Structure formats: structure tokens, C-alpha cells
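In: How does the following fold in three dimensions:
(chains A and B)
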Number of protein chains: 2
Amino acid sequence: MSVLPEPLERLILALERLPGVGPKTASRLAFYLLKAPTELSDDLAKALKVVKSMTAFCKTCFNITDFGREECVICTDNNRDRSILCVVEDSMDVLALEKTAGFMGIYHVLQGALSPIEGIGPDDITIFELEERVKKDQIVEIIVATNPSMEGDATALYIRQRLEKYPVKLTRLARGLPVGGDLEYADQSTLLRALSGRQEL
Amino acid sequence: MSVLPEPLERLILALERLPGVGPKTASRLAFYLLKAPTELSDDLAKALKVVKSMTAFCKTCFNITDFGREECVICTDNNRDRSILCVVEDSMDVLALEKTAGFMGIYHVLQGALSPIEGIGPDDITIFELEERVKKDQIVEIIVATNPSMEGDATALYIRQRLEKYPVKLTRLARGLPVGGDLEYADQSTLLRALSGRQEL
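Out: This next block holds a predicted model:
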């Protein structure tokens, strides 16, 4: 017999299924929502209900966009440089790069990375569509901005193999010490990359 | 102009209002919910919708219970020892104590702790109702299990002052080193409490 009322128990179970939310965090959140104004849980419930049905993927770059729009705000923006394309794994990466305000080109969202362990092959991500864009559009440079992980690196390598027959410059993001980081806390491979990629002062 | 579609933006904002969820965690959760099966966000939305309307407080102990029930499962359980009452700050504490399976008495949930800074006085928590129970019921011992914090200690002290005129034994939870803890990592005041409360081996 549970001590908690069933509706609260159900909310805790639903929250526990979120990534990074354990049983303790889930009950803390549930009790917080219970005490907080009804408006808070209502807003969250409403947002959850529409988030899937009211969003879609841009037919050009596969970034997330509003339902009913063919292309995302970046693809339809006439101020963006269409000759430089940044390839990322997912829409969160687009968001991160946009926040830097340092990139004025366009994007291509792969919607994943190659991962033989998870059974994700080239056909499961938008590599074919990337190739089609390279063939069709006037792209001068492609920045491969996949994650600096095993899967991201494998995906970058595969993209290079697949696109080297086209007259396009392929680049990737620099590796090295993160800004604000501490040398002594940097891991071995980051430090190794920072050494081998050292630049003139 | 935001890069993200409005429904997603709204979900991120709603998630950000939860305690311990910052902007980064909120977008990570929102993107996860977007990718996950619709069932996950639907379950969460449904649970959020009913959690407030389908729960109520036990009229005896003020623990959380199902809507429509007068008393909670603990107060209506005939196997519980009604002579020993444990006073806690909120329902999460009841849950924590129930998980230990080491307490077979009944509870009283204060629904908060005294806090002059936040303007929470004796009338804002269920101390009056606690006194009424002490007057009316055959309670032999009251375990004051408020949090080992400034507010919890102040509340415990106030309860002692208020109840010392009744023939009831007042106890509080032991202070000392947490099980599995490390002596060198214990903070000063915990160590001091562990020293002064030392027991025979």
C-alpha cells in the first residue's frame, strides 16, 4: 500500500521518466508542483500537449520549426550567407551556435549521429539530403560541427568520404581547451589536441 | 527573433520555472520530450492536470491524501500505534520516514516550519491543530522530526514551549554522523553534535 495518493504517485512516475530525473528529484518536483499555483502545472500541461503537434521539421535543413511552415526562420532569412553551411547533429546545436552570434551561414541538421552500437546508419540520419544540397546549391564551405564524441567524429569522417568528390571546402570546429577552463583539470585527450593544434601567439 | 518554434519555446519556459531546472536543463528536457513517444508527454500532461484537483489533505494529520477521503491511509490504518505521534514539516518527510519501515505510530504534518524571514508564524502552520490532538487524543510520546535546519529547530523549540503543559513525552530525532558518511567530510556542527551526543559502545 502506498502512502501517497494515486494522482501524485502517477505524476512522480511520469517525471521519473525524464532524463536526469531520479526518484528523489521526481518527488521533489511533484510536491513543488502540488504546492505551487495551479497556473504553473497548467502552463506546463498545455505546453506539453501542443509541443509535438505544433512543431515540424524544416524541409531544407531539418531544423525544428513551427507546424505549417515549410522552412525554418534561418532558411528563410535573406540576410544569411548561403555559401557556408554548418552541419550539426540536432536542433539544440543550432540553438547553441546561434547564441554565439558568430555564424551567419545556414545549417543542416543531421537529426542524429552514426552509431553502429545503437544501429544508426547513414540512412537513419539526413546525410543523403545533405549530399543533395551540396549537389544543387552554391555551397563553398561546409563546417562539420558534430559533437566531439566517438559518434560525432565517426559521422564527420563519413561525411568527408561522401562529400570529397564535390568542389566544396570541408572544415571542422577547433579542438582545444575550453574558455574559462583550467589546464590542470583538462582531460588528457583535450590537452593533447590543444598541444597539437597550438597556434602562434 | 527566436530560432525555436513558439510551442517549444513555451515548453522550455514552463520547465524553467521548476526548482533546480535551469535554462540548459529545460531545453534538454524539452528536446527530449519532443523526440520521445507522444505517450510520455501525454502521461505527464494528464498527471499534471489532475494532481491538484484529485488530492486533498487529511483532516486529522494534514498529510496529503486522495480527494474525497477524509483521512489518509495512515490515520485510518488500525495497525498503527496511536499513542506515538511524529511531527514533520511536510508530506515528503512522511514518505521518507515510511520508507525506513521503522516507525509504526501516526503523524502530524505541520505543512511548513516557522520562519520570521519568510513571514511564516505559528498560525500559518498546523500547530494549533497539533495542540488540539494532544488535548483530545491519548498521545504518550511526540517525536518532533522537523528538519535539522534553523527553521526546523525554531519550530521544534516553539512546539516544546507550547506543549510542555501537557502530560506528554517530547523527543526529537538523533543528530550525528550520517550512515555511510565520512568523518573527514562531516561539517563542524554535525561533528560537534556527534561528539556531544556520543553513546556507549
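In: Helices of chain A, start to end?
Out: A:6-16, A:23-35, A:38-51, A:91-100, A:127-136, A:150-163, A:188-196 (DSSP state H).
In: would TSV of the ones you listed with mean neighbour count be doable?
Out: To be clear about C-beta, it is placed using only N, CA and C from the backbone, and glycine gets the same treatment. Listed next are these as TSV, based on neighbours: other CB atoms under 10 Å in any protein chain shown:
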stretch	mean neighbour count
helix A:6-16	20
helix A:23-35	18
helix A:38-51	19
helix A:91-100	17
helix A:127-136	15
helix A:150-163	17
helix A:188-196	13
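In: Identify whichever of these lies nearest to B:Asp66.
Out: Across the helices of chain A, B:Asp66 has its closest neighbour in helix A:6-16 (6.3 Å, CB to CB).
In: rewinding a little: now the helices of chain A as a markdown table including distance to chain B and mean pLDDT?
Out: Shown next, in a markdown table, are those (distance: least, CB to the nearest CB, whole Å; pLDDT from 0 to 100):
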| stretch | distance to chain B | mean pLDDT |
| --- | --- | --- |
| helix A:6-16 | 4 | 93 |
| helix A:23-35 | 5 | 92 |
| helix A:38-51 | 4 | 92 |
| helix A:91-100 | 5 | 90 |
| helix A:127-136 | 18 | 96 |
| helix A:150-163 | 16 | 94 |
| helix A:188-196 | 21 | 85 |
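In: mind checking which of those helices is nearest B:Glu16?
Out: Using CB to CB, the nearest of the helices of chain A to B:Glu16 is helix A:38-51, at 10.3 Å.
In: And the contacts of that closest one?
Out: A:33, B:7-8, B:10-11, B:13-15, B:17, B:30, B:33-34, B:41-42, B:44-46, B:48-49, B:51-52 (CB atoms under 8 Å, 6 or more residues apart in numbering or on different chains).
In: Which strand runs longest in chain A?
Out: In terms of residue count, the longest strand belonging to chain A (DSSP state E) is strand A:81-88.
In: on contacts alone, who are the packing partners of that one?
Out: helix A:91-100, strand A:105-109, strand A:141-144 (3 or more CB pairs under 8 Å, 6 or more residues apart in numbering or on different chains; DSSP states H and E).
In: Looking at these, which is nearest to B:Gly119?
Out: helix A:91-100 (39.0 Å).
In: Adding distance to A:Phe57, write the helices and strands packed on strand A:81-88 out as TSV.
Out: As requested, these are arranged in TSV below (distance: least, CB to CB, whole Å):
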stretch	distance to A:Phe57
helix A:91-100	9
strand A:105-109	8
strand A:141-144	20
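In: Contact partners for the nearest residue to A:Thr55 once chain neighbours are set aside?
Out: Spatial nearest neighbour of A:Thr55, excluding adjacent residues (CB to CB, 6 or more residues apart in numbering or on different chains): B:Pro5 at 4.9 Å. B:Pro5 makes contacts with A:Met54, A:Thr55, A:Ile64, A:Thr65, A:Asp66, A:Phe67, as judged by CB under 8 Å, 6+ apart.
In: A:Thr60 now?
Out: Counting by CB under 8 Å, 6+ apart, A:Thr60 has contacts A:Glu71, A:Cys72, A:Cys75, A:Arg133.
In: wait, which of those residues is closest to A:Pro116?
Out: A:Arg133 (25.4 Å).
In: That closest one: what's it in contact with?
Out: A:Thr60, A:Leu85, A:His108, A:Ile139.
In: ditto for A:Glu71
Out: The neighbours of A:Glu71, taking CB under 8 Å, 6+ apart as the test, are A:Cys58, A:Lys59, A:Thr60, A:Cys61, A:Thr65.
In: likewise A:Ile120?
Out: Counted by CB under 8 Å, 6+ apart, A:Ile120 has contacts A:Gly112, A:Ala113, A:Leu114.
In: What of A:Gly176?
Out: Here A:Gly176 is in contact with A:Thr190, A:Arg193, A:Ala194, A:Gly197 (CB under 8 Å, 6+ apart).
In: follow-up on the earlier one: pick out the most distant pair among the contacts of A:Thr60.
Out: A:Cys72 and A:Arg133 (14.1 Å).
In: measure A:Gly176 to A:Leu130 for me?
Out: 27 Å (CB to CB, to the nearest Å).
In: Equivalent analysis for A:Val50, please.
Out: Distance from A:Val50 to A:Leu130, by CB to CB: 30 Å.
In: what does A:Glu184 give?
Out: 40 Å.
In: who wins for neighbours among the contacts of B:Pro5?
Out: The most crowded member of the contacts of B:Pro5, judged by other CB atoms under 10 Å in any protein chain shown, is A:Thr65 (26 neighbours).
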